[in-house]
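Student: Predicted model, plus sequence, below.
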Amino acid sequence: MLEILGLDSATEAVYQLMLSRPGLGVLELCRELNLTERDVRESLDRLADLTLVRESLEEPGRLRVLSLELALEVMLRRQEQDVLRHQQRLAAAKLAAARVIAERAERRPRADEASEANVLLGLDAIREGLELLAKDLRSECLAVIPGGAQSQASLDASRPLDEAALNRGVDLLSLYQESVRNDSATLDYARWMSESGGQVRTAPLLPPRFLVFDRRVAVVPIDPENTRRGALCTREPAVVATLCALFFQVWETAVPLDNGRTGEGLTTSEKLLLRFLASGLTDDAAAKRLGVSLRTVRRQMSSLMERLDARSRFEAGLKAAQLGWI
């Protein structure tokens, strides 16, 4: 019963027996409770630490147990004091943290004073920078996410940030490459975003990856071919405005996530693939432009040739043009 107040079962048993039979000594307690002398003495020391037993004033050398009502009051008062001390330590820690953050903010140039970009080198710096920007996000985030399938690590890192932003009512507008429809994990994530209140569209071709926070801060990779190297975080108004304009230019022609086929029964990616191959691009070059694997391009082309009843790519291109597909 008293375990919730910090007494273990043996100590509680010793206390309860002393309460009901005050005259018992150590040996009697051992015999009645079937405990060793060491266990009983440890329990008595514990009760003494908690001030639940005291030395008798009438019989020096003997211990007197406090009544249950008084014992509960003493223990509750002790726990209240412990909670108060913990709250005081927590408040002091929060104050110290706030001072450190304020000092760093004073040394950091203000957004309206700084035009130079902040370079984030490496994945850890990128993640921390994005977490800080996401924490301060208030109204809108624009995201261009090329390359089709995203790594599971990237999806796992993004989810709590996106979820927190959506819960605050932030508008999340995301552009994925159409080839994302071929990757179940990334497609599931995009659908979760859409179902949770975000807006998701796909396009066969996208500009390099970038993010814009509240049309105020932009993050772009240092090397679009290797985004793990680092990123550039800038508040330069001209750069941010240009990226916003580019985003909405692609957004207007992109396809909502739940709609992926043209009137001819082709996906926009398939239609673009036909155009690429008709213009002389190799399978490998077409795959890179579409953000898919070489195997995917060959599989899509094989399917298109079968649907067009074509024996060669040249014949497939000719028939697609005759049907007005390209």
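Tutor: Thanks, I have the structure now.

Student: So what does residue 233 look like in phi/psi?
Tutor: phi -110, psi 120 (degrees, to the nearest 10).

Student: Just the pLDDT for it.
Tutor: Among the per-residue scores, residue 233 shows a pLDDT of 89.

Student: give the contact list for it.
Tutor: Residue 233 makes contacts with 117, 118, 119, 120, 129, 133, 217, 218, 219, as judged by Cβ atoms under 8 Å, 6 or more residues apart in numbering. No exception for glycine: its C-beta is placed from N, CA and C like everyone else's.

Student: which SS state does the third one fall under?
Tutor: Classification of residue 119 by DSSP: H, G, I helix; E, B strand; the rest coil places it in strand.

Student: ok, which stretches of the stretch 51-200 of the chain are strands?
Tutor: Taking DSSP state E, counting those that start in this stretch as the test, the strands found in the stretch 51-200 of the chain are 53-55, 63-65, 118-121, 140-145, 171-177, 199-203.

Student: For ChimeraX, what selects the buried ones among the contacts of residue 233?
Tutor: The buried subset of those, as determined by 16 or more other Cβ atoms under 10 Å, is captured in ChimeraX by this line:
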select :117,118,120,129,133,217,218,219
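
Student: could the contacts of residue 233 be laid out in a markdown table, adding distance to residue 316?
Tutor: Formatted as a markdown table, the entries for the contacts of residue 233 read as follows, by distance: Cβ to Cβ, whole Å:
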| residue | distance to residue 316 |
| --- | --- |
| 117 | 47 |
| 118 | 49 |
| 119 | 47 |
| 120 | 45 |
| 129 | 47 |
| 133 | 46 |
| 217 | 46 |
| 218 | 41 |
| 219 | 41 |
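
Student: Relative to residue 148, which of the contacts of residue 233 is nearest.
Tutor: Distances from residue 148 to the contacts of residue 233, taken as Cβ to Cβ, are shortest for residue 219 (20.5 Å).

Student: neighbouring contacts of the helix or strand where that closest one lies?
Tutor: Under the criterion DSSP states H and E, the helix or strand holding residue 219 is strand 217-221. Contacts to strand 217-221, defined as Cβ under 8 Å, 6+ apart, come from residues 111, 120, 129-130, 133, 208-213, 227, 229-236, 239-240, 243.
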